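[1] After the sequence you'll find the predicted model.
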Amino acid sequence: MSISIKQTLHFIDSPEEFLADIAVQNTVLLIDENVLKLHGKHVEGFDSITIPSGESQKRMEVVEYIIAALLDAGIDRNGTLIGIGGGVVTDLTGFVASVYLRGINFGFFPTTLLAMCDASIGGKNGINFGAFKNMVGTITQPNFIAFYPAFLSTLSDREFNSGMAEVIKHAVINGGALQKFLQENERVALLENPEKLKELCQLAAEVKVTVVEKDEREAGLRKKLNLGHTIGHAIEALNDLTAPVGFLQAKANPSVTSKKTHGECVAIGMVLAARIAVRKGLAKEELVKEIIAYCNAYDLPIQTEIKPELLMEKILKDKKRKSTEIDFIMPHSFGDVRIMSLELKELENHLKEMDNE
């Protein structure tokens, strides 16, 4: 990395002023239609590519559509692509920019809590392959990430809570100041105090930045950020959140409550990972209770009705699998999370036994 990731992070007071410092020519915005409706006033005067909202947009057909639009706009190797939206938009923006003309400049304006605290940070860019998350991608760092916490005022309760799942995950991994902040600030206080919300984003982002700067390519330490994701991604795939439904079409009935958001799936995955750690004698039951308490505070689910056999079918396709084993992130306590090589058969047995408890 030529500069530290932390140097790319900017907490801003005005998107318009920040964008004004970027040349309007040779710059295109990628923005989802919901964000455009809510926050379009901040991006007037810029060329933009609009896509529907939803995880189903993270696929190759949409990548080709965006590349065609960049070509039509005459974007050259000195151009810039700026993603304005949640994790889907930041993932797509980074992926397209890292492969278009073998790489152009790009940056993000994350508009969701999940994107501000996690998805936009670290340089992982990718798209899904069918129901499998982020199977095609790159690790390329953005030129900037501009945080404007006022964007969060338009989030639904469910979207806000979903983002908090990744914040809780960071607190489990790091403990420290972020855990203390969560202990001292309840949900209502965060929503009613913009400065508290900004502090939350700063603390959560700092956890991820610290990890990624030590291990950008995920050779070791960065794997800890996958806490809750092995099982979480399996649940997400089985909820069919990633399945395409037609070129540039949004998913039908996005409000169906039986579908779990990414954050909700991660919350379940964290709780189950902690329960497995207890079963193996690596953690105390108190850890599970603490994680559940944080999840309850933000109305996050803590269990799934999906059968272990179905979960294992998806886990077998997980990027972290190595033959008959998988790198599984095991929480021992807050601030002590370890990477363990777990036999897939053992994982399946734990899931089956917990399902029967």
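    Alright, I've got the coordinates. Residues are numbered from 1 along each chain as shown.

[2] what bridges to S48?
    L29 (DSSP bridges).

[3] residue boundaries of the helices in the stretch 51-200 of the chain?
    Counting by DSSP state H, counting those that start in this stretch, the stretch 51-200 of the chain has helices at residues 60-72, 87-99, 113-114, 157-174, 176-184, 187-192, 194-214.

[4] Out of those, flag the one nearest T261.
    helix 157-174 (4.2 Å; C-beta to C-beta). Every C-beta, even on glycine, is put in place using the N, C-alpha and C of the backbone.

[5] Give me the neighbour count for E346.
    If you count neighbours by other C-beta atoms under 10 Å, E346 ends up with 15.

[6] And G85, by the same measure?
    30.

[7] contacting residues for it?
    30-32, 35, 53, 109-112, 115 (C-beta atoms under 8 Å, 6 or more residues apart in numbering).

[8] Look up how far C265 lies from Q303.
    12 Å (C-beta to C-beta, to the nearest Å).

[9] So these two - more neighbours on which side?
    C265 (29 against 13).

[10] right, and the more buried one touches N239 too?
    Yes. Taking contacts as C-beta atoms under 8 Å, C265 lies within contact range of N239: 7.2 Å.

[11] To G228, which of the helices of the stretch 51-200 of the chain lies closest?
    With C-beta to C-beta as the yardstick, what comes closest out of those is helix 157-174 (5.8 Å).

[12] Could I get the full set of helices for the stretch 201-350 of the chain?
    229-238, 262-279, 285-297, 308-315, 344-356.

[13] the inter-axis angle of the first one versus helix 157-174?
    Put simply, helix 229-238 runs at 160 degrees to helix 157-174, going by axes from the mean of the first three to the mean of the last three C-alpha atoms, to 10 degrees.

[14] Identify each buried residue in stretch 207-214, please.
    207-209, 211-212 (16 or more other C-beta atoms under 10 Å).

[15] Adding pLDDT, write these out as a markdown table.
    Below are the buried residues of stretch 207-214 laid out as a markdown table (pLDDT from 0 to 100):
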| residue | pLDDT |
| --- | --- |
| V207 | 97 |
| K208 | 97 |
| V209 | 96 |
| V211 | 96 |
| V212 | 96 |
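
[16] Columns distance to F328 on top of those, output as CSV?
    What follows is those, written out as CSV (distance: C-beta to C-beta, whole Å):
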residue, distance to F328
V207, 20
K208, 20
V209, 24
V211, 17
V212, 20
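
[17] what bits of this structure have low per-residue confidence?
    The model of the chain has pLDDT under 70 over residues 1-3, 240-258.

[18] Which positions within stretch 118-125 qualify as buried?
    Residues of stretch 118-125 classed as buried: 118-125 (neighbour count, 16+ other C-beta under 10 Å).

[19] Filter those down to the ones in strands?
    Secondary structure from DSSP state E places 124-125 of the buried residues of stretch 118-125 in strands.

[20] between the buried residues of stretch 118-125, which is closest to E343?
    K124 (26.8 Å).

[21] Wait, that closest one touches V136, no?
    No. At 11.8 Å, K124 does not count as touching V136 under the criterion of C-beta under 8 Å.

[22] I'd like to know how many residues surround K223.
    If we define neighbours as other C-beta under 10 Å, then K223 has 19 of them.

[23] Report the separation between it and N143.
    26 Å.

[24] for K6, same thing?
    K6 is 14 Å from N143, by C-beta to C-beta.

[25] what do you get for I268?
    From I268 to N143 the distance is 35 Å (C-beta to C-beta).

[26] The two: who's more crowded?
    Legend: neighbour count by other C-beta under 10 Å for I268 and N143, higher for I268 (25 against 15).

[27] looking at it, the more buried one is touching L311, isn't it?
    No. Between I268 and L311 there is no contact, the gap being 10.4 Å when judged by C-beta under 8 Å.

[28] Mind listing the shared neighbours of these two?
    In contact with both I268 and L311: 231, 235, 304, using C-beta under 8 Å, 6+ apart.

[29] Kindly indicate the member of those residues with the most neighbours.
    Going by other C-beta under 10 Å, I231 tops the shared contacts of I268 and L311 with 28 neighbours.

[30] In contact with the closest residue to it other than its chain neighbours, which residues?
    Counting by C-beta to C-beta, 6 or more residues apart in numbering, G269 is the residue found nearest to I231 once chain neighbours are left out, at 3.9 Å. Applying C-beta under 8 Å, 6+ apart to G269 gives the contacts 227-233, 235.

[31] S341: which of these is nearest?
    Closest to S341, out of all of those and judged by C-beta to C-beta, is T230, at 12.4 Å.
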